[in-house]
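**Student:** Just need the structure, nothing else, for what follows:
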Amino acid sequence: MRGVPHTGSVPTDDAGDVPGVRTVAGWVAEATAVTVLTGAGISTESGIPDFRGPRGLWTLNPAAQRMSDIRAYVSDPEVRVAAWAGRRDHPAWSAEPNAGHRALVDLERSGRLRALLTQNIDGLHQKAGSGGISPVVELHGTMHEVECLSCGDRTPTPEVLRRVDAGEPDPPCLLCGGILKTATISFGQDLRWDVLAAAESAARDADLLLAVGTSLTVHPAAGLAGIPLETGARLVVVNAEPTPYDVVAHAVLREPIGEVLPALAAGVG
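**Tutor:** The predicted structure is shown next:
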């Protein structure tokens, strides 16, 4: 989730029998198919707060979680008004990819990346250059498009935000009058079956699955980390805080993501 404070260069030596960055970098270099699963933690170094970390959005303001609940969103106009105001002011609009995002582009260009699976909706992976060779699978959708919950019509988010700025705090669909919502997966909504199927396929095809900046608690996306246990692939967790999969992972790296990922990608050029 949140990156840990910078404490100097990323250690390259393993500690005793515990695999560290050097060992994992070797695994990445020898892999033929790496699938990466990212969560909010990779974007915190770009200034986008996570949800559950010590300074997370929901930690500091538990009421904000209602905006991510589809039942509350549909039933309560005030929740929608607050959601549109929050989306308009979201830091992702001005955020730039960080070293972690760019390192995954390097991994993709090396030909080792099977797919990049992300729980993030901010589009920073694509902004960094991911997706040109290997697919970016947005498990939880994207904030860059708006979808009508009634007719399914899609519109670029900036067009709807201009309506919010013009005085429509809860803009309806221009085609059918239905409720508009960013094309993201809220609590109470199912992931699209084709998106989940593509993610599961990429996880099964991998000989190494790298889970980066994710608490691995939100299902079904978190369950992707369990697939290597079935296929015999390696699972590596890069996260500042403990996850439920740490005990079964082949390696757990706690150092800052923006330092770890460039170190892992350094030997794949």
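**Student:** For the rest of this, base every contact and every neighbour count on C-alpha atoms.
**Tutor:** Noted.
**Student:** Please tell me the pLDDT value assigned to residue 64.
**Tutor:** The predicted local confidence for residue 64 comes out at a pLDDT of 70.
**Student:** Count the residues that sit near residue 76.
**Tutor:** Using other Cα atoms under 10 Å, residue 76 has 13 other residues around it.
**Student:** for residue 124, same thing?
**Tutor:** 21.
**Student:** all helices of the protein, in order?
**Tutor:** Listed in chain order, the helices of the chain (DSSP state H) span 21-30, 57-60, 70-75, 77-88, 99-109, 124-128, 157-165, 193-205, 227-231, 257-265.
**Student:** neighbours of residue 158, just the number please.
**Tutor:** Residues contacting residue 158 under the criterion other Cα under 10 Å number 15.
**Student:** nearest spatial neighbour of it, skipping sequence neighbours?
**Tutor:** Nearest-residue entry for residue 158: residue 144, 7.6 Å, with adjacent residues in sequence omitted and distances by Cα to Cα, 6 or more residues apart in numbering.
**Student:** Does that neighbour touch residue 159 like I think?
**Tutor:** No. No contact is recorded between residue 144 and residue 159 when judged using Cα atoms under 8 Å, the distance being 10.1 Å.
**Student:** Between the two, which has more neighbouring residues?
**Tutor:** It is residue 144, of residue 144 and residue 159, that has more neighbours when counted by other Cα under 10 Å, with 17 against 11.
**Student:** what about the residue nearest to residue 158, distance to residue 160?
**Tutor:** To residue 160, residue 144 is 10 Å away according to Cα to Cα, to the nearest Å.
**Student:** How about residue 87?
**Tutor:** As judged by Cα to Cα, residue 87 and residue 160 stand 11 Å apart.
**Student:** try residue 71
**Tutor:** As for residue 71, its distance to residue 160 is 21 Å (criterion: Cα to Cα).
**Student:** more crowded one of those two?
**Tutor:** residue 160 (23 against 14).
**Student:** these two touch, right, the more buried one and residue 171?
**Tutor:** Yes. In this structure residue 160 lies within contact range of residue 171 using Cα under 8 Å: 7.3 Å.
**Student:** Only the buried residues of stretch 243-252, if you could.
**Tutor:** Neighbour counts over stretch 243-252 (16 or more other Cα atoms under 10 Å) mark 243, 245, 246, 248, 249, 250, 251, 252 as buried.
**Student:** In strands, which of those residues appear?
**Tutor:** Secondary structure defined by DSSP state E assigns 251, 252 of the buried residues of stretch 243-252 to strands.
**Student:** Pick out the most distant pair among the buried residues of stretch 243-252.
**Tutor:** By the measure Cα to Cα, 243 and 250 form the most distant pair in the buried residues of stretch 243-252, at 13.3 Å.
**Student:** which neighbours do those two share?
**Tutor:** Counting by Cα atoms under 8 Å, 6 or more residues apart in numbering, residue 243 and residue 250 have no shared contacts at all.
**Student:** Closest to residue 24 out of the buried residues of stretch 243-252?
**Tutor:** The shortest gap between residue 24 and any of the buried residues of stretch 243-252 belongs to residue 251, at 7.4 Å (Cα to Cα).
**Student:** Show me where the stretch 151-269 of the chain dips below the pLDDT cut-off.
**Tutor:** With pLDDT under 70 as the threshold, the stretch 151-269 of the chain has low-confidence stretches at 269.
**Student:** Listing request: residues of the stretch 1-150 of the chain with sub-threshold pLDDT.
**Tutor:** In the predicted model of the stretch 1-150 of the chain, residues 1-17, 51-63 satisfy pLDDT under 70.
**Student:** let's go with 50 and repeat that
**Tutor:** Low-confidence regions of the stretch 1-150 of the chain, defined here as pLDDT under 50, cover residues 1-13.
**Student:** between the helices of the chain, which gets nearest to residue 186?
**Tutor:** Using Cα to Cα as the criterion, the shortest distance between residue 186 and these is 5.6 Å, found for helix 70-75.
**Student:** Now do the closest one: everything it contacts.
**Tutor:** Contact partners of helix 70-75, identified using Cα under 8 Å, 6+ apart, comprise 66, 67, 79, 80, 179, 186, 187, 188, 189.
**Student:** If we go by neighbour counts, what in that helix is buried?
**Tutor:** Buried residues in helix 70-75, defined by neighbour count with 16+ other Cα under 10 Å: 70, 72, 73.
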